[in-house]
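Asker: Just a sequence and a predicted model for now, questions to come.
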Amino acid sequence: MSIRNAVVPVAGLGTRLLPATKSQPKEMLPVGKKPIVQYVVDELQASGIERLLFVTGRGKSSIEDHFDDDPELVRMLRETGREDLLAELADAQSAVHFLYTRQRQQKGLGDAILCAEHFAGTEPFVVALGDSIIGRRKPSQIVERLVEAFEKHDAVAVIAVEEVPVEHTSLYGIVAPAAIGDVFEIADLIEKPKPADALSNLAIAARYVFAPGIFDAIRRTPFDRRGELQITDAIRLMLNEGGRIIGVRLGPEEKRYDIGNFESYFETFVEFALTDPVYGAGLRARAREILLEHNSD
Ligand code: UTP
């Protein structure tokens, strides 16, 4: 893959998941056996990303610890013959080169991405949100398809999109496609529209590729009513100035699991746990009993 650099913003406050996120990052909450952000890193590594910048904030140091080497733990597991656990830990010590920077105030996703300017330099880069898993069975290849579209269409930004129920448009950035198909030019985009104002039901799905011009666009984007710099608004600025923005649909095996609120976090955890290759069968049997016990609630 021609793009080597990825930015993973993990600095958000996660207020919708309080109290779980009072002293731990939402990106470190487990889904099945791994923290959410580990799925994101596995996906980026499988896509060929070599350098990964986490944009972190206060209270997020457990993310750095998770991806750091832990020689004492490794020695202890080796001495006690726990090769199975050692193999699972190898995932967390991936070949990707990790870098970290801090977003000092949580002023929105656009502001978090702006913190990556020195890291990206003059090269295009991937952005993968640290609180969203794409696909359950295996790491998604969406990033490779985004990069392919970026090169083929001479775009300034490429965005992963997925269909959502119309009543959910106010939770996401929504794009208006200029044509039908799995890869299409975007005619307009808007952050969290009410269903009545939505341009379509195609939601921005946590993965992007940007040309370095995005940094200048973010700097020229006004803060929204909540005091946040929205990346959707910066992309819209590039679009209005003649830049080509491309949308790429997630495939059928690439459902997006957004962990940002309890409803979707609970659903995601349950789906991953119930389909776990080791624990899934037993848990499904127990879940059936629990459902019968609570049938009349
Ligand atoms: P969200 O839009 O879910 O915001 O972030 P949030 O602040 O984390 O959560 P709430 O709304 O308070 O519940 C989407 C992604 O962007 C990152 C988050 O860490 C998450 O991975 N983000 C968001 C930042 O890095 N900085 C920000 O200022 C906002």
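Answerer: Nice, thanks for sending it over.
Asker: Chain neighbours aside, what residue packs nearest to Phe223?
Answerer: Leu229 (5.8 Å; Cβ to Cβ, 6 or more residues apart in numbering). Where C-beta positions appear, they are placed from N, C-alpha and C, glycine not excepted.
Asker: what does Ser140 give?
Answerer: Closest residue in space to Ser140, ignoring its immediate chain neighbours: Ile134 at 4.0 Å, by Cβ to Cβ, 6+ apart.
Asker: pretty sure that neighbour contacts Ala205?
Answerer: Yes: under the criterion of Cβ atoms under 8 Å, Ile134 makes contact with Ala205 at 7.2 Å.
Asker: which residues do those two both contact?
Answerer: Residues within reach of Ile134 and of Ala205 at once, by Cβ atoms under 8 Å, 6 or more residues apart in numbering, are Ala160, Leu250, Arg256.
Asker: Correct me if wrong, but the residue nearest to Phe223 is in a helix.
Answerer: No: according to DSSP: H, G, I helix; E, B strand; the rest coil, Leu229 belongs to no helix; its state is coil.
Asker: For it, grab the count of nearby residues.
Answerer: 20 (other Cβ atoms under 10 Å).
Asker: residues contacting it?
Answerer: Leu229 neighbours (Cβ under 8 Å, 6+ apart): Lys107, Gly108, Leu109, Gly110, Asp111, Leu114, Ile218, Thr221, Phe223.
Asker: Apply 7 Å and report the result again.
Answerer: Leu229 sits next to Lys107, Gly108, Gly110, Asp111, Ile218, Thr221, Phe223 when contact means Cβ atoms under 7 Å, 6 or more residues apart in numbering.
Asker: Could you list which of those also contact the ligand?
Answerer: Contacts with the ligand within those, as defined by Cβ under 6 Å from any ligand atom: Lys107, Gly108, Asp111.
Asker: what's around the second one, how many residues?
Answerer: Meaning Gly108. Neighbours around Gly108, by other Cβ under 10 Å: 25.
Asker: Give the helix, strand or coil label for the residue of the stretch 1-150 of the chain found nearest the ligand.
Answerer: Relative to the ligand, the nearest point of the stretch 1-150 of the chain is Gly12 (1.9 Å; Cβ to the nearest ligand atom). Put simply, Gly12 is coil when judged by three-state DSSP.
Asker: separation between the closest residue to it other than its chain neighbours and Val55?
Answerer: Once flanking residues are discounted, Gly12 sits nearest to Gln106: 6.2 Å by Cβ to Cβ, 6+ apart. According to Cβ to Cβ, to the nearest Å, Gln106 stands 11 Å off from Val55.
Asker: just the strands in this structure please.
Answerer: 5-9, 30-31, 34-35, 51-56, 97-102, 125-128, 132-134, 157-163, 173-177, 183-191, 202-210, 245-249, 256-258 (DSSP state E).
Asker: that older thread, quick check, nearest of the shared contacts of Ile134 and Ala205 to the ligand?
Answerer: The closest of those, once distances to the ligand are taken by Cβ to the nearest ligand atom, is Arg256, at 12.4 Å.
Asker: Name all residues that make contact with that closest one.
Answerer: Ser132, Ile134, Glu162, Ala205, Ala206, Leu250.
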